[in-house]
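K.L.:
quick check, what structure comes out for this input:
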Amino acid sequence: MPSYRASRLCLSLLALSTGAHALSVPFAPDKRAAAATAMTDAQMAAIKPYVFYESATYCRASTLVPNWNCGAWCDANPDFKPVAAGGDNSGTQPLRLVEGFVGYDPKTQEVVVSHQGTDLRSIEQLIEDFNLVFTNLDSTLFPGMSSDIKVYKGFQDAFKKRVSATDTLAAVQKAMSTFNTKKVVATGHSLGSAMALLESLYYHLNLPDANVRFFGTGLPRVGNQAFADFIDAAPLSASFLTNARDIFPRPAPERQENGDQHCSVGEVSLLHQNVSAHNGPYGGINIGNTGCNIPN
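P.N.:
Now for the predicted structure:
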């Protein structure tokens, strides 16, 4: 098992006030004040398929659909059934996503929606990442939400601009019907992780019969305490993994993170954080386009 500190169990709920939900192998309870524990090989194995899905979003959409042949990242989940993808900015793809895709994993019997992280070449995305002004959830996308629940404007703007909610929902519904499943997981890295969290809430509200969950890596803080409390209380599983020296989850104040000394907040000061740690390793995998035949 890797000895790097990112392998510590800092995977947790948004508010870290209750136990983290399992992917396919139960994770140990993890509270804000709880000590981090080393992740087991079984827990690492449960996470890896989703890290590969996140990595595949950095590949050209045309290599994801109609054939799943993007390279090493696709080969890691060889049985995946792609349904739709987007992000080439060519106008020819069926989804307007921030580089992402929808499909079905026959091993876990769930629909997977995955989003790429921030494109450092995009000034607009960088501005969205650091627009840390709280705002109410859009009532059209998230009806019936309390006005006490706030999210960072940049992440909601990115979700609204870069994810066609109705188109993606239709693709998810198509996959659920085609493969006869009610399980849906939204996943992503960095900015894609923030959007995947908002998307999982969107599915929770718009797919009442679905079993929805979220898993992300490099997740920045998305909302206020009321938002985190709502996610904790909602019947959806929400968990994420932060690399110990990752600087990008840190800019938002009062991050709701485990304070154990082995986790990113408890251990690493701003002076000792590492930009490159944002891409991993997560379970030994560095997220990016290195495993793509044709990168985005």
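K.L.:
for residue 144, give me its contacts.
P.N.:
residue 205 (CB atoms under 8 Å, 6 or more residues apart in numbering). In short, each C-beta sits where N, CA and C put it, glycine included.
K.L.:
so it belongs to a strand, correct?
P.N.:
No - the assignment for residue 144, made by DSSP: H, G, I helix; E, B strand; the rest coil, is coil rather than a strand.
K.L.:
give me the phi and psi angles of it.
P.N.:
Main-chain torsions, residue 144, degrees, to the nearest 10: phi 80, psi 10.
K.L.:
for residue 137, see how far away it is.
P.N.:
10 Å (CB to CB, to the nearest Å).
K.L.:
and what of residue 147?
P.N.:
9 Å.
K.L.:
do the same with residue 287
P.N.:
Applying CB to CB to residue 287 and residue 137 gives a distance of 28 Å.
K.L.:
which one of the two has more residues nearby?
P.N.:
residue 287 (27 against 23; other CB atoms under 10 Å).
K.L.:
what strand or helix carries that one?
P.N.:
Counting by DSSP states H and E, no helix or strand carries residue 287.
K.L.:
just residue 55 next, same as before
P.N.:
With DSSP H and E as criterion, residue 55 is part of helix 41-56.
K.L.:
now that helix: average pLDDT?
P.N.:
Averaging pLDDT along helix 41-56 gives 90.
K.L.:
helices and strands around the helix or strand that comes right after it, which ones?
P.N.:
Note on helix 41-56: by DSSP H and E, the next helix or strand toward the C-terminus is helix 72-75. Contacts defined by 3 or more CB pairs under 8 Å, 6 or more residues apart in numbering; DSSP states H and E place helix 72-75 against helix 41-56.
K.L.:
which strands or helices does the helix it packs on pack on?
P.N.:
helix 72-75, strand 110-115, strand 183-189, strand 211-217.
K.L.:
with just CA atoms, put that helix into CSV.
P.N.:
Output of helix 41-56 as CSV, limited to C-alpha atoms (Å, rounded to 0.1, in the frame of the first residue of the first chain):
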residue,chain,number,x,y,z
ASP,A,41,-6.5,-2.0,-0.1
ALA,A,42,-10.2,-2.8,-0.5
GLN,A,43,-11.1,0.9,0.0
MET,A,44,-8.5,2.0,-2.5
ALA,A,45,-9.8,-0.6,-5.0
ALA,A,46,-13.4,0.8,-4.6
ILE,A,47,-12.3,4.3,-5.4
LYS,A,48,-10.0,3.7,-8.4
PRO,A,49,-12.7,3.1,-11.0
TYR,A,50,-14.1,6.6,-10.3
VAL,A,51,-10.7,8.2,-10.5
PHE,A,52,-10.2,6.6,-13.9
TYR,A,53,-13.6,7.9,-15.0
GLU,A,54,-12.6,11.4,-13.8
SER,A,55,-9.3,11.0,-15.7
ALA,A,56,-11.2,10.0,-18.9
